[in-house]
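*Asks:* Fold the following.
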Amino acid sequence: MSMKSFLVDTSKCTGCRACQSACKKWNSLPAEETAFSGKIEYTNPVSLSAKTWTRVKFNRFGVNGINESWSLVHQKCNHCTDAECIKVCPEKALYKVDGWTVVDHDRCIGCGACEKRCPYGSVHVLYKPAEGMKSFKSYKCHACVPTGADSPRCVAACPTGALTFGQRMRIISTAKKREAELKKVYPSASVFGLEQYGGLNVITVFKDKALAPDGSRGNDDASGRTIGAHMIYACLKSASFGIPALKRKAWKISSSLSGHDEHNG
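*Replies:* Below you'll find the model as predicted:
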């Protein structure tokens, strides 16, 4: 587990998206075409992607101004301690650096196993070429570890203190104190990330616990299927001659034969 963590206090978020812009700029991420529904969620882009690693999600509750309220949720990779993406990767392209999950693009073959298995939908494969990015590679928040920054740029950009970064135990203490304060006004206030997947390195304070992601996609026991897929893949990839496209095909076959694909949906 990382000795440091993010703290996201959604009650302080104004939806300015400075974090989103800073992530784009610092990591030289290209723009992407988006769609705007304007019904329940007022958000662009509509989801995290290989080109968007940090996102502020807008949710609107109530109709025609009656009992209308808003919730703002900061989304990025949660950097699970017991990370499903690391377990499933057949090439060991995902690994930990000081508790943060990062991707080795030299090893990544773009098979999509991590994308399917991530319980929070935070990691994505870039399937089409984009400026400054390699196709058939996985991308996600890396907490600015590869850039050598002292702290994540999204935190530095936040003008309201909704995003902070520091020693994990201090972050947890601050989160619990904030939860107690919010409960006086919002009885359903909660802290998310203390226990999920061995503990997340993104601790979030919500005004309503119903807003927390359930993470159910990776919450069942898939270890047997994953091990089976990896064993088959180890045999098949010897015939790939090190060619990524053939490795992807080998993983697809391995996943199908082991039942891993059916599990991941």
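
*Asks:* Every contact and neighbour count from this point should use C-alpha atoms.
*Replies:* Noted.

*Asks:* avg pLDDT for stretch 246-262?
*Replies:* The pLDDT scores in stretch 246-262 average 84.

*Asks:* Could you give me the buried positions within it?
*Replies:* Neighbour-count burial for stretch 246-262, counted by 16 or more other CA atoms under 10 Å, picks out 246-255, 258-261.

*Asks:* And the residue nearest the centre of this structure?
*Replies:* Most central in the chain under CA atoms, centre = their mean is Cys77, positioned 2.2 Å from the mean C-alpha point.

*Asks:* got a list of what Phe36 touches?
*Replies:* With contacts defined as CA atoms under 8 Å, 6 or more residues apart in numbering, the neighbours of Phe36 are 42-44, 46.

*Asks:* go with 10 Å
*Replies:* Shown in contact with Phe36 (CA atoms under 10 Å, 6 or more residues apart in numbering): 42-46.

*Asks:* quick one: which helix or strand includes Ser254?
*Replies:* Assigned by DSSP states H and E, Ser254 falls within helix 244-258.

*Asks:* Pull that helix out as PDB, backbone CA atoms only.
*Replies:* Output in PDB follows, covering the C-alpha atoms of helix 244-258 (Å, rounded to 0.1, in the frame of the first residue of the first chain):
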ATOM      1  CA  PRO A 244       1.800  -8.000 -30.200                       C
ATOM      2  CA  ALA A 245      -1.100  -8.700 -32.600                       C
ATOM      3  CA  LEU A 246      -0.500 -12.400 -32.300                       C
ATOM      4  CA  LYS A 247      -0.200 -12.100 -28.600                       C
ATOM      5  CA  ARG A 248      -3.500 -10.400 -28.400                       C
ATOM      6  CA  LYS A 249      -5.000 -13.200 -30.400                       C
ATOM      7  CA  ALA A 250      -3.400 -15.800 -28.100                       C
ATOM      8  CA  TRP A 251      -4.900 -14.000 -25.100                       C
ATOM      9  CA  LYS A 252      -8.300 -13.900 -26.700                       C
ATOM     10  CA  ILE A 253      -8.200 -17.700 -27.300                       C
ATOM     11  CA  SER A 254      -6.900 -18.300 -23.800                       C
ATOM     12  CA  SER A 255      -9.600 -16.200 -22.200                       C
ATOM     13  CA  SER A 256     -12.300 -18.000 -24.200                       C
ATOM     14  CA  LEU A 257     -11.000 -21.500 -23.400                       C
ATOM     15  CA  SER A 258     -10.800 -20.700 -19.700                       C
END
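
*Asks:* can you list contacts of it?
*Replies:* Contacts for helix 244-258 (CA under 10 Å, 6+ apart): 89-91, 107-113, 136, 224-241, 259-264.

*Asks:* can you pull out the helices in the stretch 151-265 of the chain?
*Replies:* For the stretch 151-265 of the chain, the helices defined by DSSP state H, counting those that start in this stretch cover 153-157, 168-183, 223-236, 244-258, 260-264.

*Asks:* Sounds good, over and out.
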